[in-house]
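> need a structure here:
(chains A and B)
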Amino acid sequence: MSQLVKTQTHTVGRARRRGVRRQHNLVGYLFLSPWLIGFFVFTLLPIVASFGLAFTDCDIFTAPKWVGISNFERMFTEDPRYWRSVRATLYYVFTAVPLRLIVALGVAMLLNTKHRLVSVYRAAFYAPSIIGGSVAVAVMWRQVWGGQNLGLINFILQALGLPYVNWLANPRTAIWTLIALAAWQFGSPMLIFLAGLKQVPAELYEAAAIDGAGRWDRFIRITLPMLTPVIFFNLVMQIISGFLVFTQAYLVTGGRPLDSTLFYALYLYLRAFGTHHMGYGSAMAWILLLVIAFFTALVFKSSSAWVYYESGGLAE
Amino acid sequence: MSAVDMNTYLETRAVLRQRKRRRHVVRAVLYHGLVASACLIMLYPILWMIASSLKPTSEIWTTTSSLIPSRPTLEHYINGWEGFGTIRFAVFYRNSFFYAIVGTLASVASSACVAYAFAKLRFVGRSFWFACMLLTLMLPGQILMIPQYILFSKLGWINSYLPLLVPRFTGEAFFIFLIVQFMRGIPNDLDEAAEIDGCGKIGIFFRITLPLIQPALITAAIFSFYWTWEDFLGPLIYLQNPRLYTVSLAIRAYSDPSAGTNWGSVFAMSSLSLVPVFIVFVVFQRYLVEGISTTGIKG
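Numbering: from 1, shown residues only, chains lettered A, B, ... in the order given. Model (predicted):
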C-alpha cells in the first residue's frame, strides 16, 4: 500500500518536474526569442551569404555569377589599390593604437589622485572621445589641417614664423592627421586605465618606497605589471576597432592623396557600394575577418607571457 | 637640552615645516597648471569650431586661431538652419531624433529582455547561445554589411528607416552583455521570495528585475543614443533621399567642397549637432564613466 503510494507520488513528481522543466524552457526561449530571431536573420544568414558571395561576381542588379576563387586571385595579384589599402591600414593600426594607449596611460597616471578638480579634468579629457565618431568633428578636423583653406594649424605655424605644411595633400603627412585624430580620442582607454590604477594596492607602493625605489622603478616594477590585464584588454579592443576605421578616413582625407589613407574599410565600402562589386567586397570582408581573428588570437595567446593576474600569480 | 638648543630645535622644525608646505604648494601649482593647460589643448579644436561659428565670415580665416569673435553673430546659425535644396535643418533634426530615440528604446528594451533569459532563467542550450552571443561581439560589421544590404533591397526597404531600425528590435550584443553582468551582481533572494508568493517569471522580470537594473539600462541607453546619433555608415548606405537624411548626412552634404562652402554655416550646424551629445554627457556623466570602467565598452 505504502509502496504503491510512494511510486505514485514518485511518478507524479517526475511528471511535474518534467512539466516544470518544459515550462522553464518555454519561458527561457520566450525571453531569448528577439535575439535568437536576430541572430539567425541578421547575423548567421548574412555570414553564410557573405561566404557564398565571396566566390561570385555580383552587383545587386543581376543574379550572382559563380567565379570560384578569382576574386581572391585578383585581390592578391592584380589589384595594387588593395595592397595600398592594406599598407595604409597596418601603418595606421600600429602607430595610432600604441600612441593612443600611451597617451591614455600617461593621462590616467596624472589623474590618479584624490582631488576635487580631477572629475572636471577627466570630463575635459574624455569630451573629444564622446563626439569623436561624429561627422561634425571629422568636418572640423579637415579644416584644422587645411582643406581648401589655410587651416588652423598652418595659421598658428605662420604666426610663429614657421613654414607652411600642406598636411592633407602630402602622402607622408595625410595619414598623420588621422593618427592625431585617433590619439586625441583616448578617453575610453583612459577611463579603463584609471579604474585599473585604483585596483593597485597602496601597500605595494609603500613597501617599495621603504626599499628606496624611485618613481620610475615603481612605475616599471609595480604599476605596469599590475596593469597588464587592463593593457591587454585595451590592446585587443583598440586593434580591432583600428582595423575598422571608416568615417574619419572617408570624411577627413577620403583616402587621398595617392591612396595613402585608403583604409581597408574605406576601400571595401568604395568597391561594394561605389562600384557595386559586392562579390569582391565580400571577399575583402572575409580577409578582414580572418586578419582580425588572427590578431585577436595572437594577443590572447601571447598574453600568458606578459599578463599578470593577481589571483594566480604570474600566469605560466 | 638647554633652552637655547630647544629654541633652535623648534625654529628649525618650524622652518622645515614651512619649507615643506611651500614645496607642496609649488607642486600643486605645477600639477594643476600642467593638467589644466593639457585640458585646454584637448578642448581647443572644439572651442575653435564653436568660436568660428560665431565669427563674421570675413574673420573665420583671418583671425583663425582666436577663440573670441570680435563681433559675435548668430547669422551662420540662421543661414545654416535654412539647409540646402528646399529642406531645412529642422527636417534633419526630426529624422535624427526619430532614429536615435526609436533605435535606443528598441535596442535597450530587447537587450534587457534577452539579458534576463541569460542571467536569470534556466533552459536547455543557454550556455551555447551565450557563447554565440559573445562571438558576435567580435564580428566586424563589414562582413554583414553587404548581404544585409542585398536582403533589405530585396525587401524594398532601401530609402527607409526599416533597415536601420528593425535589427535593433533583436537586441545589441554589447548591451546584452552589459546587462547580464549587472543582473548577475544582484542577489536572487527577491526573485525567490516573489516566486514563493506565486509570481511567474514574466511578472518577476517586470516587477522586480527591471526596477533593479535601472543603472545598467541608463548606461546602455546613453551609449545607444550616442552611437545612433553619430551613426554615419548606416544612413550613408540606406538613405539616398535628402528628405530622409540624418543630421550627420546633412552636415556632410552641406560641407561638400564642390559647392562653394560657407564655412561659418558648416561650423554652426556642426556645433549645433553636438549639443544633444553634450547635454546627455553632462546629465549622465556618472553612468557613462561607470559603464566604461566596468565593462570596457568604447565610447
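
> do a quick rundown of the helices in the stretch 151-300 of chain A.
A:152-159, A:171-184, A:187-199, A:202-210, A:215-218, A:224-243, A:247-248, A:264-269, A:278-306 (DSSP state H, counting those that start in this stretch).

> stretch A:95-115 and chain B, are they touching?
Yes - Stretch A:95-115 reaches chain B (Cβ under 8 Å from any Cβ of the partner chain) through A:107, A:110-111. For every residue, glycine as well, the C-beta is placed using N, CA and C.

> about what we covered before: closest one to residue B:88 among the helices of the stretch 151-300 of chain A?
helix A:247-248 (24.7 Å; Cβ to Cβ).

> low-confidence ranges, the stretch 101-250 of chain A, go.
Across the stretch 101-250 of chain A, the ranges flagged by pLDDT under 70 are A:147-148.

> can you tell me, leaving aside adjacent residues, what's nearest to the residue in the stretch 51-200 of chain B positioned nearest to chain A?
In the stretch 51-200 of chain B, the residue that lies nearest chain A is residue B:170 (2.3 Å; Cβ to the nearest Cβ). Leaving out its chain neighbours, the residue that sits closest to residue B:170 by Cβ to Cβ, 6 or more residues apart in numbering or on different chains is residue A:38, at 2.3 Å.

> ok so that neighbour is a helix residue?
Yes - if the criterion is DSSP: H, G, I helix; E, B strand; the rest coil, then residue A:38 is within a helix.

> next, count neighbours for it.
Number of residues near residue A:38 (other Cβ atoms under 10 Å in any protein chain shown) recorded here: 22.

> now the one 4 residues further on
Here the neighbour count serves as a burial measure; for residue A:42 (other Cβ under 10 Å) it reads 19.

> gap between it and residue A:307?
Remark: distance between residue A:42 and residue A:307 (Cβ to Cβ, to the nearest Å) = 34 Å.

> related to what we said a few turns ago, okay, the helices of the stretch 151-300 of chain A, which one's buried deepest?
Counting by mean count of other Cβ atoms under 10 Å in any protein chain shown, helix A:264-269 has the highest mean neighbour count of the helices of the stretch 151-300 of chain A, with a mean of 25.

> render the CA-only coordinates of that one in CSV, please.
Below are the C-alpha coordinates for helix A:264-269, written out as CSV (Å, rounded to 0.1, in the frame of the first residue of the first chain):
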residue,chain,number,x,y,z
TYR,A,264,40.7,48.8,-45.7
ALA,A,265,37.1,49.6,-44.5
LEU,A,266,37.0,52.6,-46.8
TYR,A,267,38.2,50.6,-49.9
LEU,A,268,35.8,47.9,-49.1
TYR,A,269,33.0,50.4,-49.0
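
> what is the burial count for residue A:19?
Around residue A:19 there are 10 residues (other Cβ under 10 Å).

> after the helix or strand containing it, next one along is what?
Assigned by DSSP states H and E, residue A:19 belongs to helix A:2-38. Following helix A:2-38 in sequence order, the next helix or strand is helix A:45-53 (DSSP H and E).

> that following helix and chain B in contact?
Yes - shown here: helix A:45-53 in contact with chain B (Cβ under 8 Å from any Cβ) through A:45-47, A:49-50, A:53.

> elements contacting whichever helix or strand comes after that helix?
Next helix or strand after helix A:45-53 toward the C-terminus (DSSP H and E): strand A:56-57. With contacts defined as 3 or more Cβ pairs under 8 Å, 6 or more residues apart in numbering or on different chains; DSSP states H and E, strand A:56-57 has these neighbours: strand A:65-66.

> is chain B contacted by the strand it packs on?
No - Strand A:65-66 lies apart from chain B when judged by Cβ under 8 Å from any Cβ; the minimum separation is 14.4 Å.

> for that strand, give me every contacting residue.
A:55-58 (Cβ atoms under 8 Å, 6 or more residues apart in numbering or on different chains).

> looking at those residues, state which has the most neighbours.
Going by other Cβ under 10 Å, residue A:58 tops the contacts of strand A:65-66 with 26 neighbours.

> and the pLDDT for it?
Reported pLDDT at residue A:58 in the predicted model: 83.

> Provide a list of residues in contact with it.
Shown in contact with residue A:58 (Cβ under 8 Å, 6+ apart): A:64-65, A:277-279, A:282.

> below-threshold pLDDT in chain B: ranges please.
B:1-4, B:64, B:257-260, B:289-299.

> can you rerun that using 80?
B:1-16, B:20, B:57-71, B:80, B:83-85, B:256-262, B:285-299 (pLDDT under 80).

> by residue count, which helix of it is the longest?
Of all segments of type helix in chain B, defined using DSSP state H, the longest is helix B:3-54.

> hmm, the residue of the stretch 51-200 of chain B closest to chain A is touching residue A:33, no?
No - in this structure residue B:170 lies outside contact range of residue A:33 using Cβ atoms under 8 Å: 9.1 Å.

> please compare these two by neighbour count and tell me which comes out ahead.
In terms of neighbours (other Cβ under 10 Å), residue B:170 is the more surrounded of residue B:170 and residue A:33; the figures are 22 against 15.
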